[in-house]
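> Just the structure for this:
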Amino acid sequence: MEYAINDRGRGRGNLPMSRDEQTFIHRTFELLDRLTGLAFKQVSSPADADIRVYCAGKLGGSEGVAYKGKNSFDVYWKDKKGWDLTRFEKHVIRHEIGHAVGLDHPYGSGGNPRYNSRDTVMSYNWVGNTTFTPTDIQALQRLWGA
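Got it, this is the predicted structure:
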């Protein structure tokens, strides 16, 4: 799978990304490489990418979104601290990339009160976790192999 990072903030409403933000995104795809049977490669042209990652200044009431297009996913997260990458932003980035690789909210509801981010990064109930949990890894491996 190919991914592109809109690091310069091209397009209306998009913001440039810091080196830390870009590195975290790269590391997320490297982690997914190790956890699944998928092989991710960064490409420079968004038109060639299966997953495109953007930093947004505003997203309405959302912290992040993943839109499925005809042949690709567009992943957005809302910038909180400019060039600083917060722990919450890390959670949102991994959550939205999780959608792009097939993960869903616990039992279809991100706000399900029975689950939090220690159970799955796909929960809206954030309690400090910023990475894929054993439950997420099991789901990813079931979807894509190990």
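
> For the nearest residue to N129 once chain neighbours are set aside, give me its contacts.
Spatial nearest neighbour of N129, excluding adjacent residues (Cβ to Cβ, 6 or more residues apart in numbering): S117 at 3.9 Å. The C-beta positions use only the backbone N, C-alpha and C, and glycine is treated the same way. S117 sits next to H91, S123, N125, W126, V127, G128, N129, T133 when contact means Cβ atoms under 8 Å, 6 or more residues apart in numbering.

> tell me the contacts of the residue nearest to the last one when sequence neighbours are not counted?
Once flanking residues are discounted, T133 sits nearest to T120: 5.4 Å by Cβ to Cβ, 6+ apart. By Cβ under 8 Å, 6+ apart, the contact list for T120 reads L103, P106, T133, T135, D136.

> What's the separation between T120 and V65?
According to Cβ to Cβ, to the nearest Å, T120 and V65 sit 18 Å apart.

> What of T36?
22 Å.

> These two: who's more crowded?
Shown here are T36 and V65; by other Cβ atoms under 10 Å, T36 has more neighbours (20 against 17).

> Mind pulling the model confidence for the more buried one?
pLDDT recorded at T36 is 94.

> Going forward, the N-terminal residue is numbered 20.
Let's use 20 as the start, then, which means that last one is T55.

> count of residues packed around L54?
As a burial measure, L54 scores 18 neighbours (other Cβ under 10 Å).

> residues in contact with it?
For L54, the contact set (Cβ under 8 Å, 6+ apart) comprises F151, I156, L159, Q160, A165.

> Alright, calling it a day.
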